[in-house]
Each structure stands twice: as structure tokens, then as C-alpha cells.
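Asks: turn this into a structure:
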Amino acid sequence: MTSSSAASRKGLSKIACSRLQKELVEWEVNPPTGFKHKVSDNLQRWIIEVVGAPGTLYESEKYQLQVDFPEHYPMEAPQVIFLHPAPLHPHVYSNGHICLDILYDSWSPAMTVSSVCISILSMLSSSTAKQRPADNDRYVKNCRNGRSPKETRWWFHDDKV
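Replies: Down below sits the predicted model:
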């Protein structure tokens, strides 16, 4: 282990490190379709390229997800955001925050980075319109100064998109 990879694991518990190393190996062997992990030695932050699925509004479009793992992953959900520019989607804010219940209230330790990515791609794929959430401007304004999406009290009421 290099000193930089040791430093990247400083904020993770032994359980989180072990789980993430296992998930990374599984990802390398069987990556989810439409996703590419950008290799780095930072186990606590993954950058993942997303390619829009064929036959959808986002076909062949490329976006990047930033996945930050908390100290007690998988008991606690990772923070997942789109890096700029975020896709135009009714559940994706212009600052990259994603309104998706599995990232917050419905998180389960049985979920993996792969299953989260597949859920995000499914959310994108099911969209019938490229638009921002109705409250985008107000929400983004309230998130200035680096507010995490995990600090938001999300209201999950729209399961059509």
C-alpha cells in the first residue's frame, strides 16, 4: 500500500475498507453496463463515468458521478452526486444533487456501488423529459457553502420518473 492510498483510507473503518476493496474487485471483474470507474488510489472517493442507455433521452451522453464513502459504509449510504454538468432530469438538480430514495431513506447495507449506479441509470432512462426539478433554483441557492445532499430532508413523491 502506498502512502497516498493509506491516507485515502484514513477516514474509513476497517469494515468499510474491506467492503470497498471487495466491491472494487467485483467491479473490475464484472462492471455494470454503461459505467466506467476512473481508477485512482483514493478508496474513499470514486469517480464513475455514466453513459446514457440506448433508446433513451440520454443515449450516448456521458456524465460523471462522484461517490464519497462515509466512515461507516455500508451501514451508512455513500454521498452520490453528478459532477458538472449534471444531466437535465426532473430528479437531478443543477448542482448535481440527486433526489433518489435509495441514497437516503431507503438505503440498505446490502446495496453496492454497482446497484446504486444501475438505479441511477434506470432513473435517467425512464425520464420522458429533459428538465430540472421545479424547485431547482431555490434548492441550489439554499445549498451554497457546500451543503451536502445528505443534509436535505427529501420528499419522495414522484415515482413516475
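
Asks: chain center to stretch 43-52, what's the gap?
Replies: Relative to its chain's centre, stretch 43-52 lies at 8 Å (Cα atoms, centre = their mean, to the nearest Å).

Asks: in that stretch, what counts as buried?
Replies: Using 16 or more other Cβ atoms under 10 Å as the burial criterion, the residues of stretch 43-52 that qualify are Leu43, Gln44, Trp46, Ile48, Val50, Val51, Gly52. C-beta: built from backbone N, CA, C; applies to glycine.

Asks: check stretch 108-122 too.
Replies: Met111, Thr112, Val113, Ser114, Val116, Cys117, Ser119, Ile120, Leu121.

Asks: on that earlier part again, nearest to Thr33, of the buried residues of stretch 43-52?
Replies: Taking Cβ to Cβ as the measure, Thr33 lies nearest Val51 of those, at 8.9 Å.

Asks: excluding its backbone neighbours, what's nearest that closest one?
Replies: Spatial nearest neighbour of Val51, chain neighbours left out: Gly34 (4.9 Å); criterion: Cβ to Cβ, 6 or more residues apart in numbering.

Asks: tell me the spacing between that neighbour and Pro87.
Replies: 13 Å (Cβ to Cβ, to the nearest Å).
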